[in-house]
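Visitor: Sequence first, then the predicted structure, then my questions.
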Amino acid sequence: MSDPKRVAIIGAGMAGLTLARALAGHATVRIFEKSKGIGGRMATRRIEDVSFDHGAQYFTVRDPRFRDMLDAAAADGAVERWNRDIVLLPAAQKNVHRADNTRYVGKPGMNALPKWMARDCDITFNAEMSSISGTPGNWTVMTEAGEHGPFDWIVATAPAPQSAALLPPAFAHHAALHTTGMNACFTLMMTLHPGAATPFAAARLDDPVINWISRNDTKPGRDDAPCLVVNAGPEWSDRHVEAPLESLRAQMLEAVRLYIPLETAEAESAVIKRWRYANVARPAGQPFLLDREQQLASCGDWCIAGRVEAAFQSASQLADALLPALRETTP
């Protein structure tokens, strides 16, 4: 019997973790994550003992396999429903958005779900990839810590532009990676004064600067401290992606004040985060990218749509396609 195939996965977000779990038992899998944390855009950040979901705000469920996983995570306390209404602003009378699908969040933070998924995964953190070299079945990856490998397969689950920069020129699907469109996003995190009241738990906005405001503390399992998460719109974010952060912070605060009054101390508490690749503007149009000859692949939400569930679906379908190749014996 031949040894199990060796698979390197770039990225410990929803897609990378889903793929690693699906391949477990069929291959030796190692994840390389460039940051010190897990979850990608399913992110939670603590600022002076207050937590903020500063990436994905919630997720919905349509896929049966995704539901099965969430049911298991919920049973362990890592996921819970978030049933608060999302208001549309500027709003006509009774203009309240109720999603067709129940909204879910990680508990006590959005990153609780990826942490739950990663329990049995082999992950190397702070491992930013600089290059991939070698040949099919004998790939190596280079990070600041040195060379790793060899690997039979390499799968990039980073955003499409980053995956395009990493995967070797021989990868057959570079055209799809380069035609995929992703938007930037700037996020503000700010702590409100104790007892602060806002006119809504969450709002989608038709505003030239921002398109989302939420009271993060209305989500289950969060801290009691009232706090806001504010997202800039994709068009505005793309236009200002290289602008000084302090200037953008001031513009976003000015926009927030049109909907919520802010005290000086509340505004001063605001911290800004830049996501270069946050939203999917133009998906790849196929659920995953697989090059069987080169033994390279790529997947992520950007293959399908900008949803947490889409990242799960992309990776799950890639795993289905990869498993027969991983079972093949080496001549």
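Guide: Received the coordinates, thanks.
Visitor: Measure how buried the spatially closest residue to Phe52 that is not a sequence neighbour is and give me the count.
Guide: Excluding the flanking residues, the one nearest Phe52 by CB to CB, 6 or more residues apart in numbering is Met189, at 4.1 Å. In this view, the C-beta of every residue, glycine as well, is placed from N, C-alpha and C. Around Met189 sit 22 other residues, with neighbours defined as other CB atoms under 10 Å.
Visitor: Surely Met189 touches Glu48?
Guide: No. Using CB atoms under 8 Å, Met189 makes no contact with Glu48, being 10.5 Å away.
Visitor: Show me the residue at the heart of the protein, geometrically.
Guide: The centre of the chain sits closest to Arg41, judged by CA atoms, centre = their mean, with a distance of 2.8 Å.
Visitor: how far away is Trp254 from Ala267?
Guide: No, residue 254 isn't Trp; it's Glu. According to CB to CB, to the nearest Å, Glu254 stands 10 Å off from Ala267.
Visitor: now do Pro168
Guide: The spacing between Pro168 and Ala267, counted by CB to CB, is 47 Å.
Visitor: same deal with Ser130?
Guide: Following CB to CB, the distance that separates Ser130 from Ala267 is 40 Å.
Visitor: Neighbour count: those two, which is higher?
Guide: Looking at Ser130 and Ala267 with other CB under 10 Å, you find the greater number of neighbours at Ala267, namely 16 against 10.
Visitor: Specify the local secondary structure of Glu266.
Guide: helix (DSSP: H, G, I helix; E, B strand; the rest coil).
Visitor: Can you tell me the element the nearest residue to Asp207 once chain neighbours are set aside falls in?
Guide: Here the nearest residue to Asp207 in space, its sequence neighbours aside, is Ala255; by CB to CB, 6+ apart that works out to 5.8 Å. Following DSSP states H and E, one finds Ala255 within helix 245-256.
Visitor: per-domain residue ranges of this protein.
Guide: Here the domain assignment for the chain is 1-38+118-180+284-331, 44-111+181-282, based on automatic domain parsing.
Visitor: would you turn those domains into a markdown table with mean pLDDT?
Guide: Conversion of these to a markdown table gives the following (pLDDT from 0 to 100):
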| stretch | mean pLDDT |
| --- | --- |
| domain 1-38+118-180+284-331 | 95 |
| domain 44-111+181-282 | 93 |
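Visitor: right, so those domains: which one is the most enclosed?
Guide: domain 1-38+118-180+284-331 (a mean of 19; mean count of other CB atoms under 10 Å).
Visitor: ok now do Ala74, which residues does it touch?
Guide: By CB atoms under 8 Å, 6 or more residues apart in numbering, the contact list for Ala74 reads Glu80.
Visitor: Apply 10 Å and report the result again.
Guide: In this structure, Ala74 makes contact with Glu80, Arg81, Tyr104, Lys107, Leu113, Trp116, judged by CB atoms under 10 Å, 6 or more residues apart in numbering.
Visitor: Of all pairs in those residues, which one is the farthest apart?
Guide: Arg81 and Trp116 (16.2 Å; CB to CB).
Visitor: Give me the longest helix you can find in this structure.
Guide: When the chain is scanned for its longest helix (criterion: DSSP state H), the result is helix 308-327.
Visitor: Tabulate the CA atom coordinates of that helix in PDB.
Guide: Output for helix 308-327, consisting of C-alpha atoms alone and laid out as PDB, is shown next (Å, rounded to 0.1, in the frame of the first residue of the first chain):
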ATOM      1  CA  VAL A 308     -19.600  32.300   3.900                       C
ATOM      2  CA  GLU A 309     -21.700  29.300   2.600                       C
ATOM      3  CA  ALA A 310     -20.200  29.800  -0.900                       C
ATOM      4  CA  ALA A 311     -16.700  29.200   0.500                       C
ATOM      5  CA  PHE A 312     -17.900  26.000   2.100                       C
ATOM      6  CA  GLN A 313     -19.600  24.900  -1.100                       C
ATOM      7  CA  SER A 314     -16.600  25.600  -3.300                       C
ATOM      8  CA  ALA A 315     -14.200  23.700  -1.000                       C
ATOM      9  CA  SER A 316     -16.600  20.800  -0.600                       C
ATOM     10  CA  GLN A 317     -17.100  20.300  -4.300                       C
ATOM     11  CA  LEU A 318     -13.400  20.500  -4.900                       C
ATOM     12  CA  ALA A 319     -12.900  17.800  -2.300                       C
ATOM     13  CA  ASP A 320     -15.400  15.600  -4.100                       C
ATOM     14  CA  ALA A 321     -13.400  16.000  -7.300                       C
ATOM     15  CA  LEU A 322     -10.000  15.500  -5.600                       C
ATOM     16  CA  LEU A 323     -10.700  12.400  -3.600                       C
ATOM     17  CA  PRO A 324     -10.500  10.000  -6.600                       C
ATOM     18  CA  ALA A 325      -7.100  11.400  -7.500                       C
ATOM     19  CA  LEU A 326      -5.900  11.100  -3.900                       C
ATOM     20  CA  ARG A 327      -6.900   7.400  -3.800                       C
END
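Visitor: Perfect, I'm done here.
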